[in-house]
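[1] Could you work out the structure for the sequence below:
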Amino acid sequence: MTGESGPVALPKPTDPSDPDRWLTPGVLGVGAASLCSDTSHELVTSLLPSFLTSTLHAGPAALGAIEGVADALSGLAKLAGGPLASDPRRRGRLAANGYLGTALATAAIGLTVAVSQVAALRALAWVSRGLRTPARDTLLISLVPKNRYGRAIGIERAGDNAGAILGPLIAAGLVGLIGVRWAMLTSIVPGLLAVLVITLAAREAHRTFVGRPGSRSTLSLNLTRLRRAGFGPVLAPIACFELGNVAATLLILRATGLLTGTHRSATAAASVAILLYAVHNAVASVTSLVAGPLSDRGRRLGLVLGAACFAVGYLLMAVATHGWPVLLVAFVLAGAGIGFAETAQSSSVAYALPEELRGNGFGVLGLVQSAGDLGSTLVAGLLWAVFSPRVAFGYAATWMIAAIIVSAVGRSVGNAT
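    Predicted coordinates for the structure are as follows:
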């Protein structure tokens with residue numbers, strides 16, 4: 001290729017064996033895709049409760065059912081997306097189409113006139129999100145050398161958590177100007193930006209794959225091969241962690257209840273609780289960047305630190321009084337816990353499995369995360385209703401301590417063998 005002043009150099013494909021070439025445009029593109037997509041659906045998620053209750057005149061039960069079903073379907077979609085993502089020739093299209101489906105279905109909620117339509121679109125968005133996740137993760141890992149997996153995953157997790165801050169902030173600014181429906185429809189803009197940048201990242205990943213040995217994978221869950229590869233011990237502490245990882249809405253609910261008192265109205269308490277949640281997401285984003293290099297040095301350390309942060313944070317939520325400083329510490333610890341643990345979980349899968357099984361591993365990880373999160377929130381909510389929030393958060397903290405113990409036992413066994 002030539003230009004007016006001579007030959008024009010084409011960009012060289014990323015060399016995944018070069019340890020100094022990990023922060024490539026492709027890696028940044030995957031992080032940007034997570035940032036844009038999370039901004040898009042968090043924008044709508046933050047407006048969904050008021051939209052259902054005020055516009056469509058539905059109750060909290062409808063919101064709980066919609067979110068519960070969507071989360072369950074997302075977990076199953078992640079499991080199904082694992083075998084699809086194992087084929088390097090397929091994963092770029094799968095990731096891009098998943099981001100597109102999430103963007104379109106999420107924005108279309110602003111056009112609905114019935115609760116059933118919201119439920120269908122939310123389910124479609126979350127199925128698309130589930131299908132794309134293993135493809136995105138395997139695509140990201142293919143862009144970097146083996147000793148930099150954690151750093152790359154940290155970039156992606158930081159973008160995801162940053163989107164959880166931007167989405168609600170944009171929603172708060174838009175809803176007063178153009179209303180709830182139009183604010184939801186604007187979510188299509190960051191959603192489509194996510195499609196664009198993940199497509200560019202997929203092209204870089206394709207260049208790294210060209211010329212490398214490999215064959216088209218078969219569509220199988222490969223559970224037996226995962227077991228033989230030693231995936232069980234990797235998954236055990238993650239499962240314990242997820243069984244204690246309650247939804248952030250319970251933290252917000254607990255903070256709102258504690259902050260409501262003689263000197264603060266329920267509305268003011270809710271506003272402070274939302275600000276605490278924004279701090280939580282900011283801490284998670286920053287911690288993800290720290291957790292990346294940490295995961296490259298020690299596979300289990302990040303999960304242990306994350307579980308320890310959560311255990312202390314949950315215990316503070318259990319015994320907290322009406323003062324906000326203690327709640328702030330609890331939200332900061334929970335945010336750090338997410339940043340450490342999420343990065344460590346994906347890094348553990350990437351390091352534990354060979355390339356041909358990585359998509360399957362990420363799919364199983366996604367199912368465990370979704371099932372664990374759903375189960376932990378349901379049980380904690382029941383314990384809260386029957387006994388008290390102290391019992392609920394004590395239960396969650398117990399699972400985090402179990403994750404630390406199981407991780408330590410697994411490491412001891414691994415060292416012994």
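[2] alpha carbons only for contacts and neighbour counts from here, please
    Will do.
[3] Would it be right to say that residue 127 lies in a strand?
    No. Under DSSP: H, G, I helix; E, B strand; the rest coil, residue 127 sits outside any strand and is assigned helix.
[4] Let me know the pLDDT of residue 10.
    Per-residue confidence at residue 10 stands at 37 (pLDDT).
[5] average pLDDT across stretch 203-212?
    The pLDDT scores in stretch 203-212 average 64.
[6] repeat for stretch 345-361
    85.
[7] Verify the contact between residue 403 and residue 304 for me.
    Yes. Using CA atoms under 8 Å, residue 403 is in contact with residue 304, at 7.3 Å.
[8] Only the buried residues of whatever helix or strand residue 82 lives in, if you could.
    Using DSSP states H and E, residue 82 sits within helix 60-85. Using 16 or more other CA atoms under 10 Å as the test for burial, helix 60-85 gives 62-63, 66-67, 69-85.
[9] Whichever helix or strand comes after that helix to helix 60-85, inter-axis angle?
    Using DSSP H and E, the helix or strand that follows helix 60-85 towards the C-terminus is helix 88-108. For helix 88-108 against helix 60-85, the angle by axes from the mean of the first three to the mean of the last three CA atoms, to 10 degrees is 160 degrees.
[10] Does residue 380 lie in a helix or a strand, and which?
    Applying DSSP H and E, one finds residue 380 within helix 355-386.
[11] Quick one: distance of that helix to the chain centre.
    Relative to its chain's centre, helix 355-386 lies at 12 Å (CA atoms, centre = their mean, to the nearest Å).
[12] For the helix or strand just after that helix, which residues meet the burial criterion?
    Once the chain leaves helix 355-386, the next helix or strand it forms, by DSSP H and E, is helix 389-416. Neighbour counts over helix 389-416 (16+ other CA under 10 Å) mark 389-404, 406-408, 410-411 as buried.
[13] Hey, what's the angle from helix 389-416 to helix 355-386? Just curious.
    Here the directions of helix 389-416 and helix 355-386 differ by 150 degrees (the same axes, to 10 degrees).
[14] quick one, what contacts residue 250?
    Counting by CA atoms under 8 Å, 6 or more residues apart in numbering, residue 250 makes contact with 377, 381.
[15] Let me fix that, I meant to ask about residue 347.
    Per CA under 8 Å, 6+ apart, neighbours of residue 347: 149, 150, 153, 295, 296, 299.
[16] Repeat the analysis, applying 6 Å as the threshold.
    Applying CA atoms under 6 Å, 6 or more residues apart in numbering, we find residue 347 in contact with residue 150.
[17] Can you tell me the element it falls in?
    Per DSSP H and E, residue 347 falls inside helix 324-352.
[18] any idea of the mean pLDDT in stretch 109-116?
    Per-residue pLDDT over stretch 109-116 has a mean of 92.
[19] what does stretch 249-264 give?
    pLDDT averaged over stretch 249-264 gives 76.
[20] Give the buried residues for that stretch.
    250, 251, 252, 253, 254, 255, 256, 258, 259, 260.
[21] Can you tell me how far the first one is from residue 304?
    When CA to CA, to the nearest Å is the yardstick, residue 250 and residue 304 sit 23 Å from each other.
[22] With residue 367 instead?
    Counting by CA to CA, the gap from residue 367 to residue 304 is 21 Å.
[23] just residue 269 next, same as before
    On the measure of CA to CA, residue 269 and residue 304 end up 32 Å apart.
[24] neighbour-wise, which of those two wins?
    Using other CA atoms under 10 Å as the criterion, residue 269 and residue 304 rank with residue 304 on top: 26 against 22.
[25] So what's the predicted local confidence for the residue nearest to the more buried one when sequence neighbours are not counted?
    Leaving aside its chain neighbours, residue 304 sits nearest to residue 404 (5.3 Å; criterion: CA to CA, 6 or more residues apart in numbering). Predicted confidence (pLDDT) at residue 404: the value is 94.
[26] Roughly how far does residue 404 sit from residue 205?
    From residue 404 over to residue 205 the distance is 35 Å, taken as CA to CA.
[27] now do residue 175
    39 Å.
[28] Of the two, give the one with the bigger neighbour count.
    residue 205 (27 against 15).
[29] how much space between that one and residue 154?
    Taken as CA to CA, the span from residue 205 to residue 154 is 18 Å.
[30] Repeat that for residue 171.
    Note on residue 171: its distance to residue 154, by CA to CA, is 26 Å.
[31] who has more neighbours, the two?
    Counted by other CA under 10 Å, residue 171 and residue 154 do not tie: residue 154 has more neighbours, with 30 against 24.
[32] Tell me the helix or strand right after the longest helix along the chain.
    Across the chain, the longest stretch assigned as helix under DSSP state H is helix 149-185. Using DSSP H and E, the helix or strand that follows helix 149-185 in sequence is helix 188-209.
[33] With only the CA atoms kept, save that next one in CSV.
    This file holds the C-alpha atoms of helix 188-209, laid out as CSV (Å, rounded to 0.1, in the frame of the first residue of the first chain):
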residue,chain,number,x,y,z
ILE,A,188,-29.1,3.0,22.5
VAL,A,189,-26.2,5.4,22.0
PRO,A,190,-23.7,3.9,24.4
GLY,A,191,-25.1,0.5,23.5
LEU,A,192,-24.2,0.9,19.9
LEU,A,193,-20.8,2.3,20.7
ALA,A,194,-20.2,-0.9,22.6
VAL,A,195,-21.0,-2.9,19.4
LEU,A,196,-18.5,-0.7,17.4
VAL,A,197,-15.6,-1.0,19.8
ILE,A,198,-16.0,-4.8,20.4
THR,A,199,-16.1,-5.3,16.6
LEU,A,200,-12.8,-3.5,16.3
ALA,A,201,-11.3,-5.5,19.2
ALA,A,202,-12.5,-8.7,17.5
ARG,A,203,-10.6,-7.8,14.3
GLU,A,204,-7.4,-7.4,16.3
ALA,A,205,-8.1,-10.8,17.9
HIS,A,206,-8.6,-12.3,14.5
ARG,A,207,-5.2,-11.1,13.3
THR,A,208,-3.5,-12.7,16.3
PHE,A,209,-5.3,-16.0,15.5
